[in-house]
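Student: Okay, predicted coordinates and the sequence, questions at the end:
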Amino acid sequence: MISINNLTVAYGGFTLLNDINFHISENDKIGLVGKNGAGKSTILKLICGLQSPTSGRVAVPSGVKIGYLPQIMEHHRGKSVIDETMTAFAQMFEMEAELENITNELAQREDYESREYHDLIIRLNEVNDRLSMTRAENPRVQAERTLMGLGFKYEELDRPTETFSQGWNMRIELAKILLSKPDVLLLDEPTNHLDIESIEWLETYLKDCRSSLVLISHDRKFLDNVTNRTVEIMVGRIHDYKVPYSKYLELRKERLAQQQAAYENQQRMIEKTEEFIERFRYKPTKSNQVQSRVKQLEKLERIEVDIEDKSALAVKFPPAPRSGDIAYKAVDLKLGYGSKVVFSDANIEVRRGEKVALVGRNGEGKTTLMRAIMGELEPMEGSSRIGHNVNIGYYAQNQEDILDKEDTVFGTLDRIAVGDIRLKLRDILAAFLFKGEDIDKKVAVLSGGERARLAMAKLMLKPYNLLALDEPTNHMDIRSKDILKQALKAYDGTIIIVSHDRDFLDGLVDKLYEFRDGHVKEHLGGVQDFLERRRIENLSELERHYKIEAQPVVDEVVQKKEESRQEYQAKKFISKEERKIRNRISFLEKGIEEIENKMKEIEAVLANPKPEDDVMELTRAYLENKRELDYKMAEWEKLSESIEE
């Protein structure tokens, strides 16, 4: 489908991508992996045509539709969430309008044997075929389901887009891209602004969709569940593995080991050959053998070993001083801003040594609680208290606002460090991959991942016994996240962490507090136990919604069909053209009857579902049949009206 051929990208004397080649085929679900700065986002921009290579080319066949979600984007204003999302169907609405215009023109013309009439028939079929491939069900239903899957509440869909944060507007753009059903999806860190449940929904959607996919993500579980192929960028070159991420790690390790062994064997052979040449170079009796060995070395294809970048975090938190048994406690806590209440009646208790996660939709109050824990926000009601001798190390989500952009990397730590720790600042920065000239960089020029590492390095300056971490893994690559996770598991203090990364939380926390609909609920156990419970609850909620909404709509459609059909039965056909229309109407009537029977069967099951019945699948089938019924009825009505006239 899309070919990347001999592509090189260089900046000055630095080569980012060096003569790379790979092909994106239909049904490919590719995870594009590599360290921060390896060139992953650049490849997506090259495919989209937003950036040009230094040499080589990207071949995209005409007619291939690409959907691209960058990390940073412009957001549209002036419309409601649902209206902005519905713009994804603009092309489909244009085709429907064209189909209606052609149908009207055909009904008025009588030059049935003319070239123009024939061309209109051909165009009618083309537009109808394209529509049949793009429309599956009512666009509004598709848009609502996608937005709700990405975390919006039904009552929020009519709110203006400008009343939502940048992260929520990113979800709107993602919904538009998914609904446009492109041939190739290019997604750059799509999970950065999603909560756990929305990530799971997107995961399921991407697994089932027919579009090819090139995905950049630092979420290991997301990559494993969505992709079937991994393309690694390492030191400007690519290595293509036809497997998901975790399997790729195993094969990559084997490949590097085999490559190293082959290199060592070849070096031994070269060394022995050169030794033979040197030893017998001046012996006439060995001249033929010497010349043969010389030619052998000249023709030898030298094995090169990929230089693996093994730089990684070396994090070990200082031992935690002992605190009281209760590290933090909230009783009947109500928090908010001004008159706006974010959540109320929250009872939270975090004991010494516990590792607790705060989970839930963005905007439900996780960061608000963090601010209360830090004493930055006073309760509206109830109490919020840290325990005896608790010393908090805080990692804030908004590093953009907290770090001084005019300060240097070294100066950021030097300004707040006191005592003997000042002598270890360079070692601490080196542990977080700031080495050599890096420590003199200004914060303003650092990438998101570098700022995250610098903020984390600040937590090493004092021996805290409670770490309050708000989205600490955003922008971190997978290796850095793995090392940070192990360091936190080994930490002997208390942790309260906000994160949407399931793989990061799995095995790290043993208690969760879920923020939902203005309340806070405690869940004992790990993140997988919590997700399984939430999946069951979400399924029940969705079943109730569709069972309430679907029946009145179908009754109206069936009644409308019956009225129109009875009206049609009274009509007479008086011409050859009308007989053709009559045959088409009969065909439509048969199809309508079949669809009605299917819908009645589904209705009967939905009215009294059994445990083994898949209500979600039945609802989906019901809505698909309803959509088909709508289109057949619309054509049937137009043909009936033409006979009447």
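Tutor: That came in fine, so what should we check first?

Student: for the stretch 301-450 of the chain, what spans make up the helices?
Tutor: 366-373, 399-402, 409-414, 425-431, 448-458 (DSSP state H, counting those that start in this stretch).

Student: list the helices and strands the first one packs on?
Tutor: Based on contacts counted as 3 or more CB pairs under 8 Å, 6 or more residues apart in numbering; DSSP states H and E, the elements that helix 366-373 packs against are strand 326-337, strand 340-351, strand 355-360, strand 381-386, strand 466-470, strand 494-498. (Each C-beta comes from the backbone N, C-alpha and C, glycine too.)

Student: What lies in contact with that helix?
Tutor: Helix 366-373 has contacts (CB atoms under 8 Å, 6 or more residues apart in numbering) with 328, 330, 333, 335-337, 342-343, 346, 348, 358-360, 377-379, 384, 386, 392, 394, 396-397, 468, 470, 496, 498, 515, 520.

Student: between the helices and strands packed on helix 366-373, which gets nearest to residue 455?
Tutor: Closest of these to residue 455 is strand 466-470, at 9.9 Å (criterion: CB to CB).

Student: and the helix or strand that the closest one is followed by, what other elements does it pack with?
Tutor: Beyond strand 466-470 on the C-terminal side, the first helix or strand identified by DSSP states H and E is helix 478-490. Using 3+ CB pairs under 8 Å, 6+ apart, the elements in contact with helix 478-490 are helix 448-458.

Student: now the angle between strand 466-470 and the helix it packs on, please.
Tutor: 170 degrees (axes from the mean of the first three to the mean of the last three CA atoms, to 10 degrees).

Student: Run through who's touching helix 448-458.
Tutor: With CB under 8 Å, 6+ apart as the criterion, helix 448-458 contacts 36, 313, 315, 395-396, 399-400, 402-403, 409, 412-413, 416, 428-429, 431-434, 443, 446, 472-477, 480, 484.

Student: Residue 417 is in contact with residue 460, correct?
Tutor: No: the pair residue 460 / residue 417 is not scored as a contact, 9.7 Å apart, by CB atoms under 8 Å.

Student: Pick out the residue nearest the middle of the chain.
Tutor: residue 190 (3.2 Å; CA atoms, centre = their mean).

Student: what's near enough to touch that residue?
Tutor: Contacts of residue 190 by CB under 8 Å, 6+ apart are 69, 174, 202, 215, 217.

Student: For it, which three-state class applies?
Tutor: Using DSSP: H, G, I helix; E, B strand; the rest coil, the structure places residue 190 in coil.

Student: okay, and for the stretch 451-600 of the chain, where does confidence drop off?
Tutor: Within the stretch 451-600 of the chain, the segments meeting pLDDT under 70 span 535-577, 579-580, 583.

Student: which stretches of it form helices?
Tutor: Under DSSP H, counting those that start in this stretch, the stretch 451-600 of the chain gives helices at 478-490, 502-505, 527-569, 576-607.

Student: Output the contacting helices and strands for the last one.
Tutor: Looking back up the chat, that one is helix 576-607. Partner elements for helix 576-607 (3+ CB pairs under 8 Å, 6+ apart): helix 527-569, helix 615-644.

Student: nearest spatial neighbour of residue 628, skipping sequence neighbours?
Tutor: residue 595 (5.8 Å; CB to CB, 6 or more residues apart in numbering).

Student: surely that neighbour meets residue 630?
Tutor: No: between residue 595 and residue 630 there is no contact under CB under 8 Å: 9.9 Å.

Student: And the next helix or strand past the helix or strand where residue 252 lies?
Tutor: Element membership for residue 252, per DSSP H and E: helix 245-280. The helix or strand immediately downstream of helix 245-280 is helix 287-299, counting by DSSP H and E.

Student: Could you give me the buried positions within stretch 92-103?
Tutor: 92, 95-96, 98-99, 102-103 (16 or more other CB atoms under 10 Å).

Student: just curious, which of the residues you listed is nearest to residue 279?
Tutor: Ranked by distance to residue 279 (CB to CB), these are led by residue 92 at 78.3 Å.

Student: pretty sure the closest one is in a strand, no?
Tutor: No: going by three-state DSSP, the assignment for residue 92 is helix, not a strand.

Student: now stretch 322-336, how far from the centre of its chain.
Tutor: Centroid separation for stretch 322-336 versus its chain: 34 Å, with CA atoms, centre = their mean, to the nearest Å.

Student: What residues sit buried inside it?
Tutor: 323, 326-330, 333-336.

Student: how about it as CSV, C-alpha atoms only?
Tutor: C-alpha atoms of stretch 322-336 as CSV (Å, rounded to 0.1, in the frame of the first residue of the first chain):
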residue,chain,number,x,y,z
ARG,A,322,9.8,6.3,59.3
SER,A,323,6.4,8.0,59.5
GLY,A,324,3.3,7.3,61.5
ASP,A,325,1.0,4.4,60.6
ILE,A,326,-1.4,6.7,58.7
ALA,A,327,0.4,8.5,55.8
TYR,A,328,-2.7,10.4,54.6
LYS,A,329,-6.4,10.4,55.6
ALA,A,330,-9.5,12.2,54.2
VAL,A,331,-12.9,12.1,56.0
ASP,A,332,-16.1,13.2,54.2
LEU,A,333,-13.9,15.3,52.0
LYS,A,334,-15.5,17.7,49.5
LEU,A,335,-13.1,19.5,47.0
GLY,A,336,-13.7,22.0,44.3
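
Student: now that stretch: mean pLDDT?
Tutor: Here stretch 322-336 scores 94 as its mean pLDDT.

Student: ok, residues contacting that stretch?
Tutor: Stretch 322-336 is contacted from outside by 341-352, 354, 365, 368-369, 372-373, 377, 379-391, 465-466, 493-494, 496, using CB under 8 Å, 6+ apart.

Student: now do 6 Å
Tutor: 342, 344-350, 352, 368, 372-373, 379-390, 465-466, 494 (CB atoms under 6 Å, 6 or more residues apart in numbering).

Student: which ones are touching the residue nearest to residue 499 when sequence neighbours are not counted?
Tutor: Residue nearest to residue 499 in three dimensions, not counting chain neighbours: residue 505, with 5.6 Å by CB to CB, 6+ apart. Taking CB under 6 Å, 6+ apart as the contact definition, residue 505 lies against 357, 499, 527.

Student: How is residue 42 assigned, secondary-structure-wise?
Tutor: From three-state DSSP, the assignment for residue 42 is helix.

Student: Could you report the neighbour count for it?
Tutor: Counted with other CB atoms under 10 Å, residues neighbouring residue 42 total 18.

Student: Start the count at 654 instead of 1 going forward.
Tutor: Got it, first residue is 654 now, which makes that one residue 695.

Student: got a list of what residue 673 touches?
Tutor: Per CB under 6 Å, 6+ apart, neighbours of residue 673: 660, 891.

Student: for residue 682, same thing?
Tutor: Contacts of residue 682 (CB under 6 Å, 6+ apart): 866, 879-881.

Student: one more time with 7 Å
Tutor: 866, 879-882 (CB atoms under 7 Å, 6 or more residues apart in numbering).

Student: can you check residue 868 too?
Tutor: 683-685, 840, 879-880.

Student: make it 10 Å
Tutor: 682-686, 693, 697, 722, 838-844, 859, 875-876, 879-880 (CB atoms under 10 Å, 6 or more residues apart in numbering).

Student: Confirm it sits in a strand?
Tutor: Yes: Residue 868 forms part of a strand when assessed by three-state DSSP.

Student: Relative to residue 845, how far out is it?
Tutor: 13 Å (CB to CB, to the nearest Å).

Student: Any chance of the helices and strands packed on helix 1019-1026 in a markdown table with distance to residue 774 as columns?
Tutor: Output for those, formatted as a markdown table (distance: least, CB to CB, whole Å):
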| stretch | distance to residue 774 |
| --- | --- |
| strand 979-990 | 62 |
| strand 993-1004 | 60 |
| strand 1008-1013 | 56 |
| strand 1034-1039 | 71 |
| strand 1119-1123 | 62 |
| strand 1147-1151 | 60 |
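
Student: Specify the stretch among these that is closest to residue 803.
Tutor: strand 1008-1013 (14.6 Å).
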